[in-house]
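Participant: Test case, fold it:
(3 chains)
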Amino acid sequence: MNHWLVKSEPHKYSWEKFNEDGRTFWDGVRNYQARNNLRDMREGDLVLFYHSNEGKEVVGVAKVVKESYQDPTTDDKNWVVVDLSPVETLKKTVTLEQIKADEQLQNISLVRQGRLSVMPLKQEEFDRILELGS
DNA sequence: GCCAACGTTGGC
DNA sequence: GCCAACGTTGGC
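Facilitator: Just a heads-up that it's a prediction; the model follows:
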């Protein structure tokens, strides 16, 4: 199983809204690297949900419920979406500040490549963030 | 609101 | 195919 982190600006699509919806397709990715990551997602993979701009923190865990398919919001064949459902809300949110300060999390893309909106995480990194959030 | 990082576009 | 210009993202 793979692990991922996705970013969303809370005023565009927040964790709260995601939980109300129960399921969503992850659209709006217009970056090839992020797109490639979406394509590599498999059903059942776990995904951390990060609030960018406002909050700047990991707020919860989601899972992939449908693998990548054509982005329904565009005819451009370049872009895909996946379907995600919420799994759990972290007891404590994990801020970017905490992540940057954590020895084990120095190499994640969230720190190294700030603009990437969909990124892979190693199992250890995923577990470490959950630990910080429990 | 500014600016750094970085991806994309287009002229040559 | 290189690289300058430009646009976008996201932290501060």
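Participant: What residues sit buried inside stretch A:21-35?
Facilitator: Burial within stretch A:21-35, assessed by neighbour count using 16 or more other Cβ atoms under 10 Å, is assigned to A:24-26, A:28-29, A:34-35. In short, each C-beta sits where N, CA and C put it, glycine included.
Participant: meant to ask about stretch A:96-113
Facilitator: A:96, A:98-99, A:102, A:105, A:108-110.
Participant: Next: stretch A:80-91.
Facilitator: By neighbour count, and taking 16+ other Cβ under 10 Å as the criterion, the buried residues in stretch A:80-91 are A:80-86, A:90.
Participant: how about the helices of chain A, start to end?
Facilitator: Listed from the start of the chain, chain A has helices (DSSP state H) covering A:15-21, A:32-40, A:96-101, A:109-112, A:123-132.
Participant: can you list those helices in JSON lines and add mean pLDDT and distance to DNA strand C?
Facilitator: JSON lines is the format used below for these (pLDDT from 0 to 100; distance: least, Cβ to the nearest atom of the strand, whole Å):
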{"stretch": "helix A:15-21", "mean pLDDT": "96", "distance to DNA strand C": "15"}
{"stretch": "helix A:32-40", "mean pLDDT": "93", "distance to DNA strand C": "8"}
{"stretch": "helix A:96-101", "mean pLDDT": "95", "distance to DNA strand C": "5"}
{"stretch": "helix A:109-112", "mean pLDDT": "92", "distance to DNA strand C": "7"}
{"stretch": "helix A:123-132", "mean pLDDT": "97", "distance to DNA strand C": "14"}
